[in-house]
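> Show me the folded form of this:
(chains A and B)
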Amino acid sequence: DIQMTQSPSSLSASVGDRVTITCRASQSISSYLNWYQQKPGRAPNLLIYGASSLQSGVPSRFSGSRSGTDFTLTISGLQPEDFATYYCHQSYSTLQTFGQGTKVEIK
Amino acid sequence: EVQLVESGGNLVQPGGSLRLSCAASGFTFSSYWMSWVRQAPGKGLEWVANINKDGSEKYFLDSLKGRLTISRDNAENSLYLQMKSLRAEDTAVYFCARAMYDSSGSFDFWGQGTLVTVSS
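Next comes the predicted model:
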């Protein structure tokens, strides 16, 4: 199975900060990497698909990038509504996997 | 408006069985791969299974093979997950999700989830 190693597991940041979350795949997954935001008690919400494509309706402060098997989600200018848990997800393999999640908390 | 509504979650004893349903509306259900994803209390997301558009291809998390059946009824716009020999570690909220484009698509719409609790 393809393992997704996400880091950090949590971080504290202030409104307006630039935040970076990383996901590393255990093997090549091309650009089949997606990012979701989840708030407590809610279903996940798709932010980025195909490593760098912004889902419709998602603010442009969210962006994604790829370098080999390393993937990055960047939030440029953290807003109060962005405090949540973020997950990466590889959909390359028939057996799909998620990263462990990154909880973004208020500093 | 795309909607996915799960049902069937319940308290079940270890070793028991349960069938979850996901009712889809607002899109052409038969044109999309569908998946189940679960989340144990306080834990992360875990992909469980998916099924292709006509139900002829199915994939499962290795650790769950043999205990799960995924199926769909395109005439009824419904997705199902049949679970047997349930264990305490199967306790989770189970979400159904629609895959964009095909089997390798991201999950662009999710249901609200249904809670399965396995306990005596």
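
> Which strands or helices does the strand or helix carrying residue B:36 pack on?
Secondary-structure element containing residue B:36, defined by DSSP states H and E: strand B:34-39. If you count contacts as 3 or more C-beta pairs under 8 Å, 6 or more residues apart in numbering or on different chains; DSSP states H and E, strand B:34-39 packs onto strand B:18-25, strand B:45-51, strand B:78-83, strand B:92-99, strand B:107-110. C-betas here are computed from N, CA, C, even on glycine.

> Now do that strand: everything it contacts.
The contact list for strand B:34-39 (C-beta atoms under 8 Å, 6 or more residues apart in numbering or on different chains) reads A:44, A:96, A:98, B:20, B:22, B:24, B:45-51, B:70, B:72, B:79, B:81, B:90, B:92-99, B:107, B:110, B:113.

> got the CA positions of it in CSV?
Provided in CSV are the C-alpha atoms of strand B:34-39 (Å, rounded to 0.1, in the frame of the first residue of the first chain):
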residue,chain,number,x,y,z
MET,B,34,-18.5,6.1,-5.3
SER,B,35,-16.5,5.5,-2.1
TRP,B,36,-16.9,4.9,1.6
VAL,B,37,-14.5,6.6,4.1
ARG,B,38,-14.6,6.2,7.8
GLN,B,39,-13.4,8.1,10.8
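
> where does chain A have low pLDDT?
Screening chain A residue by residue with the criterion pLDDT under 70, one finds no matching range.

> what does it put close to chain B?
Residues of chain A lying close to chain B by C-beta under 8 Å from any C-beta of the partner chain are A:1, A:32, A:34, A:36, A:38, A:42-46, A:49-50, A:55, A:87, A:89, A:91-92, A:94-101.

> at 7 Å what do you get?
Proximity of chain A to chain B, by C-beta under 7 Å from any C-beta of the partner chain, involves residues A:1, A:32, A:34, A:43-44, A:46, A:49, A:55, A:87, A:89, A:91-92, A:94-98, A:100-101.

> hmm, which of the residues you listed are the buried ones?
By neighbour count, with 16 or more other C-beta atoms under 10 Å in any protein chain shown, the residues of chain A next to chain B hold A:32, A:34, A:43-44, A:46, A:49, A:55, A:87, A:89, A:91-92, A:96-98, A:101 as buried.

> Fine by me, thanks again.
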